[in-house]
Structure formats: structure tokens, C-alpha cells
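Undergrad: fold the stuff below for me.
(one chain, ligands or ions: 1)
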Amino acid sequence: MPSAIRKIIVLATGGTIAGTAARCDDHTGYAAAQLDVAQLLAAVPALQGVPLEAEQLAQVDSRDMSPALWQRLASCCAQQLARDDVAGVVVTHGTDTLEETAYFLHRVLAPAKPLVLTAAMRPATALLADGPQNLLDAVTLARWPGAAGVCVVMAGSVFGAADVRKMHTQRPDAFTAGDAGSLARVLQGSVQRWRPWPSGTPLGLRCIEQDPATWPRIEIVLNHAGADGRVVEALRAVGVEGIVAAGTGNGTLSAPLTAALQRARQAGIHVLRSTRCAAGPVLATPFDDGFESAGEMTAVQARVELLLQLLAASA
Ligand code: SIN
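TA: Take a look at the predicted model:
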């Protein structure tokens, strides 16, 4: 049973979970980030009596998630999690960049208490809105004895921040965790866990304290038929400091793209090799061209990783 004593902090940042449409059958022509956190909580009668504090941290469509907002969110989460009277924190977010924010918070904070992100694929006005149940499940997880680390809860499944990825553009169960699979599930107010909660050594807030306007520029370059590498030259011209190469299959890159990335690396630009495939690791091969592998990370997670490594190196 969840503990009734300590509080849960709900931090709202916008997204479809707070979105509204003119018609209840409209799942696409809606505006994200319209309802405030009090309205989100009011839609979940089962939360009445649960000790909660809520804060509207931002109100954005998560396609516009920014380094400045990440910095503020991480610092607010850390502050709330440090309170003795707080059991855990829930963050409501858009689905589109959820996996990036989850990974960012995991690497910066790796908290011992649960930090649970949730979202919705349908706006709050939909006939079968998924947001209220997801929010209830997220609070249930955040209150669950022993729960820890940065997790994402969607459609009853709990994913670790390092594994989670958005796999579908429309379905309410749009998220998976690749080969790692889900960590746990939330069913009827109860949590069943299969694997350990996410943990790790946090980089700490100090790593991200510099002005976000000065954070290193990291871009993702995709390999594809006809990739000629000229995009790498263009990125060098605008001062990119790191490139994630989202290769084909096991991270393979065309000959001209390989050459352009090698030139970039010789010029001091950090290159991390990832894959454009939806799942699976990038493994070393005998034909290696020396680019470091992003392992199991998706290209967008690898981008966050490279950003944080460069920030940590200069902190
Ligand atoms: C967003 O990411 O903010 C909009 C889309 C969504 O939440 O599903």
C-alpha cells in the first residue's frame, strides 16, 4: 500500500496532457499546454485526500522544451526531493521530448526518491482521455514504498529513464523501452516491479549551472541513401561542438559522411555513433572507424549524454 504520510509534488510543464480541442473526437487539431495543474488534478477524483502540492513550472508544447527549462526543472526537482516531508515528485510533460527530459533528469539527479514523468497522447477533452489515469498512476508510483529513480509511466507501464522511447505517433501506449522492456506496471493502484529501479551516479546540478545560452551546440546527423556529409561542413560553420551520428543499422555511415565526420573530429568536434534504428545497441566491428559508440542509447538520448559530458568537462 502507498504511504499516506509524505507528500507528492506535482510539477506541470504543459503537453497534450494539458491540451484541449474544440471537439471531443479531435485527437490532432488541439492546442497543447492549455489547462493548469489544478485542472489536471481536479480531473482525477481518486487523488482527493492524497497529500499533494502542485506547481505550474511551465506551460509549453514539449517540442519547445529548452535547455533553460531543463535547468529550472532539474533544480526544482532536486529542491523538492531534498525535503523530508516529500516522498516523490511527478512531472507532467508532453510526449514528444519526454524521453530526452527523462534521460537528462536521470543523468543529472539519479535521485534516491522516485521522480516520475508522465504525459498523455490524447488531449484532456478527448472522449477517452488517457491523461487522468496516467497522472493517477504516476502519483501511485511516486508514493510506492521503495520506488526510486527517474521513471516514465504511460498506459500502465513503467519505463526506466535510460531505456524509454516514443515508438508510435498516435497510440496511448506509444512508449516502449526497447530490448530492456518495462520495469514495472501500475494496475488498480498497485505497483508490480520486474527489475531494479533506475539508479546511477548523478552528475549533479553543478554540471548544468552555467547559462544555458552558452551550453555546447550538439546536433544529430542521420545517415541515409545519398548522405554526402555536406551537412557536417555546414554544422562546423555554425560552431557545432558535438555531433551524434545516427547511422544506419549498427551505426554504419556512408563513405563521404564518415570522411566528413573524421575531418570534424580532427578539428576538435566530439562525435558519438548511434543508430537511426528504433532499438538495439551499436556494437564495435572489425571495420571500426574509431567513433565512440552510444551503446543502447537512442540518438536523442546520446545527444543529451554528449551535451552533459561536455558540460561536466567544463564545470
Ligand atoms: C507535446 O509533446 O507537448 C505535445 C504532444 C504530446 O504531448 O503528445
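
Undergrad: quickly note the distance from the closest residue to the ligand within the stretch 1-150 of the chain to Gln79.
TA: The minimum distance from the stretch 1-150 of the chain to the ligand, using Cβ to the nearest ligand atom, falls at Gly94 (1.9 Å). To be clear about C-beta, it is placed using only N, CA and C from the backbone, and glycine gets the same treatment. Gly94 sits 23 Å away from Gln79, going by Cβ to Cβ, to the nearest Å.

Undergrad: so the two - more neighbours on which side?
TA: Ranked by neighbour count (other Cβ atoms under 10 Å), Gly94 and Gln79 place Gly94 first, with 24 against 13.

Undergrad: the more buried one and Phe159, how far apart?
TA: 16 Å.

Undergrad: so which residue is smack in the middle of the chain?
TA: Glu99 (2.4 Å; Cα atoms, centre = their mean).

Undergrad: which non-adjacent residue is nearest the residue of the stretch 151-300 of the chain found nearest the ligand?
TA: Closest approach between the stretch 151-300 of the chain and the ligand, counting by Cβ to the nearest ligand atom: Ala174, at 7.9 Å. Leaving aside its sequence neighbours, Ala174 sits nearest to His168 (Cβ to Cβ, 6 or more residues apart in numbering; 4.2 Å).

Undergrad: how close does that neighbour get to Gly189?
TA: His168 sits 26 Å away from Gly189, going by Cβ to Cβ.

Undergrad: do Asp289 as well
TA: Taking Cβ to Cβ, one finds Asp289 at 52 Å from Gly189.

Undergrad: kindly report the same for Leu52.
TA: Remark: distance between Leu52 and Gly189 (Cβ to Cβ) = 16 Å.

Undergrad: same question, Val50
TA: Val50 sits 11 Å away from Gly189, going by Cβ to Cβ.

Undergrad: so between these two, which is more surrounded?
TA: More crowded of Val50 and Gly189, by other Cβ under 10 Å: Val50, with 17 against 14.

Undergrad: quick one: classify the nearest residue to that one once chain neighbours are set aside as helix, strand or coil.
TA: Spatial nearest neighbour of Val50, chain neighbours left out: Val139 (6.3 Å); criterion: Cβ to Cβ, 6+ apart. Assigned with DSSP: H, G, I helix; E, B strand; the rest coil, Val139 falls in the helix class.

Undergrad: give the residue spans of this protein that score low on pLDDT.
TA: Across the chain, residues meeting the criterion (pLDDT under 70) sit at 1-5.

Undergrad: the same query, at a cut-off of 50, please.
TA: Within the chain, no range satisfies pLDDT under 50.

Undergrad: at the contact with the ligand, which residues of it appear?
TA: Residues of the chain lying close to the ligand (Cβ under 6 Å from any ligand atom) are 14-16, 32, 61-63, 94-96, 119, 121.

Undergrad: from those residues, keep the buried residues only.
TA: Listed as buried from the residues of the chain next to the ligand are 14-16, 32, 61-62, 94-96, 119, 121; burial here means 16 or more other Cβ atoms under 10 Å.

Undergrad: tell me which of those residues is nearest to Leu261?
TA: Distance to Leu261 across those (Cβ to Cβ) is lowest for Asp96, with 27.3 Å.
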